[in-house]
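Undergrad: I'll drop the sequence and a predicted model, then ask my questions.
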Amino acid sequence: MIQVAVLGYGVVGSGVVEVIEKNQEMINKKAGCEIQVKYVLDLRDFPDNPIQSKIVHDINTILDDSQVQVIVETMGGVEPAYTFTKKALALGKSVCTSNKELVANHAPELLQLAKENNCNYLFEASVGGGIPIIRPINYSLTPEKIEGITGILNGTTNYILTKMQKEGAAFQDVLKEAQLKGYAEKNPEADVEGYDACRKIAILSSLMYGKNVKYEDIYTEGITKLTAEDFTYAKKLGTSIKLLAISKDMGDKYFAMVAPFMIGQEHPLFSVNDVFNGIFVKGNMLGDTMYYGRGAGKLPTASAVVSDVIDCARHLGKNILCFWDSERVKLTSINQISRKFFVRIKGTVEEVLPKVEEVFGKVSVVTCEELPEEFGFITEEITELSFNEKAEAISGIRSRIRIEE
Ligand code: HSE
């Protein structure tokens, strides 16, 4: 029998208990032994809930119990999760987590600690919620040199952007509605500013290279500046606007970024809507693969955590190799990366296009009847640096959105 302790009885932690209880028989069969939740660590008490019999308030109760072999860390945040995880791993107890912040900040050290103590630090639920993505990269794609990962990694922002696209609504209105429905946090900063997606692409990039990609090095732009007018053009062009997290191995340079991108209907992520996530991975032998599903939510995320618990049960006393060294990957500045840009500019085509073409060269023009006082244009492929310099040389630019092809 494997005794499990769950740290944090919040949304995901309670989901883990529920998944283990609901699918107990099947989980035990697949794990090859019985899996039982012995303790739940939480500051709170739950007097009317049967879970109360398992609630403890002191981490040492769990750490001192030699019967506990696997710990589920669903506390979120760096501390005290970091200290608890280190102590558990040092004692040879495996840790399974959904905590992307902790993984993005300390995975190389925690993986090394797990290796030294013949246990495991697993984090399937830290990216893409219930979507299998860490295990495919670590197991199934091991023969591959991964050349690129492009993902819609944040459900909240994808919900907001889908609503803006479908309803032509303004960002602030959709955000308010998303908060009322529980799809966005009261403080939505981490999601709408792209920080959450940034940590997730840092994790995936690190696994891609086997070295450490620091989230602080990743250029990150959120969705707060997007307007209903941007979507009017997107509609006219038959495109959509998505918050993409991109990581590419370009042979001589590596780059990663998070920002809103305009994508066409032929793009594999075009139809990933609402709270769903989609992750597109390109291997040098296999070619393209795509992973799609619920990137957030209680049971999908808990299911991913429990898959790690089962993996720990199958590998008791044995470390599962995970390549993520502490050596820092030096990312290229996005200034060097070339792409097309969609731009909105004040004025009529007759008045302003000559100046636009003088600065940008040949562009494709798009006009919208609803917006007679401005027009849009799409540049040829140019570097970010060159785009910024040219944009400085022209007045009246209302917005620019990068295009991903
Ligand atoms: N806020 C996150 C999202 C939760 O919307 O994707 C899952 O990490």
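TA: That came through, no problem. Numbering: from 1, shown residues only.
Undergrad: I'd guess residue 4 is in a strand, am I close?
TA: Yes: assigned with DSSP: H, G, I helix; E, B strand; the rest coil, residue 4 falls within a strand.
Undergrad: list the contacts for it?
TA: Contacts for residue 4 (C-beta atoms under 8 Å, 6 or more residues apart in numbering) come out as 20, 35, 36, 37, 38, 68, 69, 70, 71, 72, 309. Bear in mind the C-beta positions are built from the backbone N, C-alpha and C, glycine included.
Undergrad: so which strand or helix has the residue in the stretch 1-150 of the chain that the ligand sits nearest to?
TA: Proximity of the stretch 1-150 of the chain to the ligand (C-beta to the nearest ligand atom) peaks at residue 129, 5.4 Å away. Assigned by DSSP states H and E, residue 129 falls within no helix or strand.
Undergrad: then residue 303?
TA: Counting by DSSP H and E, residue 303 is part of helix 298-314.
Undergrad: for that helix, packing partners?
TA: strand 2-7, helix 11-22, helix 24-31, strand 35-41, strand 68-73, strand 94-97, strand 121-122 (3 or more C-beta pairs under 8 Å, 6 or more residues apart in numbering; DSSP states H and E).
Undergrad: let's see 6 Å
TA: helix 11-22, helix 24-31, strand 68-73, strand 94-97 (3 or more C-beta pairs under 6 Å, 6 or more residues apart in numbering; DSSP states H and E).
Undergrad: now mean neighbour count too, for those, in a markdown table please.
TA: Converted to a markdown table, the helices and strands packed on helix 298-314 look like this (neighbours: other C-beta atoms under 10 Å):
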| stretch | mean neighbour count |
| --- | --- |
| helix 11-22 | 21 |
| helix 24-31 | 14 |
| strand 68-73 | 25 |
| strand 94-97 | 28 |
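Undergrad: can you redo the ones you listed as a markdown table with distance to the ligand and mean pLDDT?
TA: As requested, the helices and strands packed on helix 298-314 are exported to a markdown table (distance: least, C-beta to the nearest ligand atom, whole Å; pLDDT from 0 to 100):
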| stretch | distance to the ligand | mean pLDDT |
| --- | --- | --- |
| helix 11-22 | 9 | 97 |
| helix 24-31 | 23 | 98 |
| strand 68-73 | 15 | 98 |
| strand 94-97 | 12 | 98 |
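Undergrad: hmm, residue 233 is touching residue 377, no?
TA: No: in this structure, residue 233 is not within contact of residue 377 by C-beta atoms under 6 Å, at 10.1 Å.
Undergrad: neighbour-wise, which of the two wins?
TA: Set residue 233 next to residue 377 and count neighbours by other C-beta atoms under 10 Å: residue 233 wins out with 25 against 21.
Undergrad: so what's the backbone phi/psi at that one?
TA: Backbone geometry at residue 233, expressed as degrees, to the nearest 10, gives phi -70, psi -40.
Undergrad: domain map for this protein?
TA: By the assignment in automatic domain parsing, the chain contains the domains 2-129+298-314, 136-294, 337-404.
Undergrad: pipe these into JSON lines and attach distance to residue 323 per row.
TA: Putting these into JSON lines (distance: least, C-beta to C-beta, whole Å) gives the following:
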{"stretch": "domain 2-129+298-314", "distance to residue 323": "9"}
{"stretch": "domain 136-294", "distance to residue 323": "4"}
{"stretch": "domain 337-404", "distance to residue 323": "26"}
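Undergrad: wait, which of these is closest to residue 326?
TA: domain 2-129+298-314 (3.9 Å; C-beta to C-beta).
Undergrad: ends of the closest one, how far apart?
TA: One end of domain 2-129+298-314 to the other measures 10 Å (C-alpha to C-alpha, to the nearest Å).
Undergrad: ranking helices and strands of this protein by mean pLDDT, which lands last?
TA: Lowest on mean pLDDT, DSSP states H and E among the helices and strands of the chain sits helix 171-180, with a mean of 95.
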